[in-house]
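Asker: could you look at this predicted model? Sequence included:
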Amino acid sequence: MRTVAEHREAVLALVRPLPVDTVDVGASLGRVLADEVVARVDLPSFDNSAMDGYAVRAADLAGAGEERPVTLPVDGDVAAGDTTRHVLAPGHALRIMTGAPLPEGCDAVVPVEATDGGAEQVAVRLEPEVGRHVRRRGEDIRTGDTVLRAGTHLGPGHIALAAAANVPQVAVHRRPRVTVVSTGDELVPVGSSLEHGQIVDSNHLMLRALVEAAGAEVAASVHLRDEADAVRAFFTAPDGAPDLVITSGGVSMGVYDTVKEVLTEDGGVEFVKVAMRPGMPQGCGVVGPGRVPIVTLPGNPVSSFASFHVFVLPALRAMAGIDPADDGAFEAVAGESWSTIAGRTELTRVVEEGGVVRPSGGQGSHVLGALAEASALAVVPADVERVEQGATVLCLPLLGHHRRRG
Ligand SMILES: Nc1nc2c(c(=O)[nH]1)N[C@H]1C(S)=C(S)[C@@H](COP(=O)(O)OP(=O)(O)OC[C@H]3O[C@@H](n4cnc5c(N)ncnc54)[C@H](O)[C@@H]3O)O[C@H]1N2
Ligand code: MOO
């Protein structure tokens, strides 16, 4: 049997980082930078006020205090967005707003709260030090600085920074496009009236959701019956012109395990047993003349879900230009003991709270209640038969889950 790491390497060997798109910075959320972002302006771009108040020369307020206010004539206002180059005359003040450019000659700003708020003249009740409430040009970022590195997974803060640096477009890796295929004659769409023996095709929606939660796109979404000719025809040219196909079901030992039957005969896909639980039967390879990468996941819903996290997600990361090993794994303490099977890496569905994990309920590969509850997968190595309470366990966060506070 293959180890989880060996099968992951086999899957990763099928994919490459996708080509680069240039997109508007405002449309780049969730994308991965293919190139660094270099600031086109200093940030701040000009000396400006950090407060609503009065632009002054600190020396003009020497000795000012609560009991000894100093009064200065006010020569006018400088608002944010004012493009006039104001000059502050010695012994005078200008009323200034937060973000407004500092007048020439001004070296400090007094907040309005430390004054009587006058419009013609102002009584100031403190002596500011030079530079007080002044935001200096370039103190945050300088023109030409690399503000974001290639490989950055763009979040709202990164977008704010690139936009403030006046960079209108960014080079990002194309989002992986994934065709999701469920297989099996027992499956019907959600909301159908179920005949005896039929079940809802929940993996379909689950896998679509996982693809989207991973930041990839669903290129096409298909259900195939266990009919060899239809399955064969489909894989010759998978719908959606995808970068990757993922399937669920039909990969174990059953006589109607058509995916395995058809793709084995095609020769491009290798079906293996991986020493893990859940998710032992796996496959990966390429299909059709286009040699499209494919990962075949087992049909049991929990097996499909867990396998997606350990095999498909790293492949999507690699295609999107992210280090596939950057999986957010974290160490937690086992809040109770539980048994696992020797000789297989066990992916226990756990609830994590404040760094402590507990199995989320029944661990059968069909038990969806415990899956929905879980926030992480505890990765229990093959040589461990029992996780003892208090032991440290490595955990993989589940897509779409937030870690809760303890
Ligand atoms: N004789 C053996 N039988 C099985 C073995 C084995 O080694 N020898 N392995 C078992 C393990 S472990 C797994 S996991 C499953 C994998 O089976 P398949 O990938 O062939 O999946 P199916 O047989 O098509 O379905 C398994 C199970 O999952 C349900 N299912 C399938 N697709 C969906 C879907 N889209 N949505 C919801 N549920 C789905 C299906 O109804 C079955 O109950 O094989 C074991 N058997
Ligand atoms: O490998 Mo299966 O996923 O244990 O049910």
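Answerer: It's in. Not measured: the values here are computed from a predicted model. Ligands and ions are numbered 1, 2, ... in the order given.
Asker: tell me which parts of the protein are close to ligand 1?
Answerer: Within reach of ligand 1 by C-beta under 6 Å from any ligand atom, the chain has these residues: 182, 184, 186-187, 199, 201-204, 248-254, 257, 278, 280-281, 298-301, 303, 365. In short, each C-beta sits where N, CA and C put it, glycine included.
Asker: report pLDDT for Ala332.
Answerer: pLDDT recorded at Ala332 is 97.
Asker: start the count at 741, not 1, going forward
Answerer: All set: I'll call the first residue 741, so the last point we hit is now Ala1072.
Asker: quick one: it is in a strand?
Answerer: Yes: according to DSSP: H, G, I helix; E, B strand; the rest coil, the state of Ala1072 is that of a strand.
Asker: what separates Val760 from Ala1055, distance-wise?
Answerer: In this view, Val760 and Ala1055 are 19 Å apart by C-beta to C-beta, to the nearest Å.
Asker: thinking again about what came up before, what about burial for the residues of the chain next to ligand 1, which qualify?
Answerer: Buried members of the residues of the chain next to ligand 1, scored by 16 or more other C-beta atoms under 10 Å, are 922, 924, 926-927, 941, 943-944, 988-991, 997, 1018, 1020-1021, 1038-1041, 1043, 1105.
Asker: count of residues packed around the closest residue to Ala1131 other than its chain neighbours?
Answerer: The shortest distance from Ala1131 to any residue other than its chain neighbours is 4.8 Å, reached at Ala1074 (C-beta to C-beta, 6 or more residues apart in numbering). Ala1074: 21 surrounding residues under other C-beta atoms under 10 Å.
Asker: Ala1074 pairs with what?
Answerer: Val1097 (DSSP bridges).
Asker: can you check Val1127 too?
Answerer: Beta-bridge partners recorded for Val1127 (DSSP bridges): Trp1078.
Asker: so what's it up against?
Answerer: Going by C-beta atoms under 8 Å, 6 or more residues apart in numbering, Val1127 touches 1074, 1077-1080, 1088, 1118, 1120, 1133.
Asker: which of those residues are buried, as a ChimeraX select command?
Answerer: A single ChimeraX command selects the buried members of the contacts of Val1127 (16+ other C-beta under 10 Å):
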select :1074,1078,1080,1088,1118,1120,1133
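Asker: secondary structure element holding the closest residue to ligand 1 within the stretch 1041-1146 of the chain?
Answerer: Nearest to ligand 1 in the stretch 1041-1146 of the chain, going by C-beta to the nearest ligand atom, is Ser1043, at a distance of 4.0 Å. Per DSSP states H and E, Ser1043 falls inside helix 1041-1047.
Asker: and for Glu853, nearest residue in space, chain neighbours not counted?
Answerer: Gly793 (7.9 Å).
Asker: okay but the one you found is in contact with Val849, surely?
Answerer: Yes: Gly793 lies in contact with Val849 (C-beta atoms under 8 Å); the separation is 5.2 Å.
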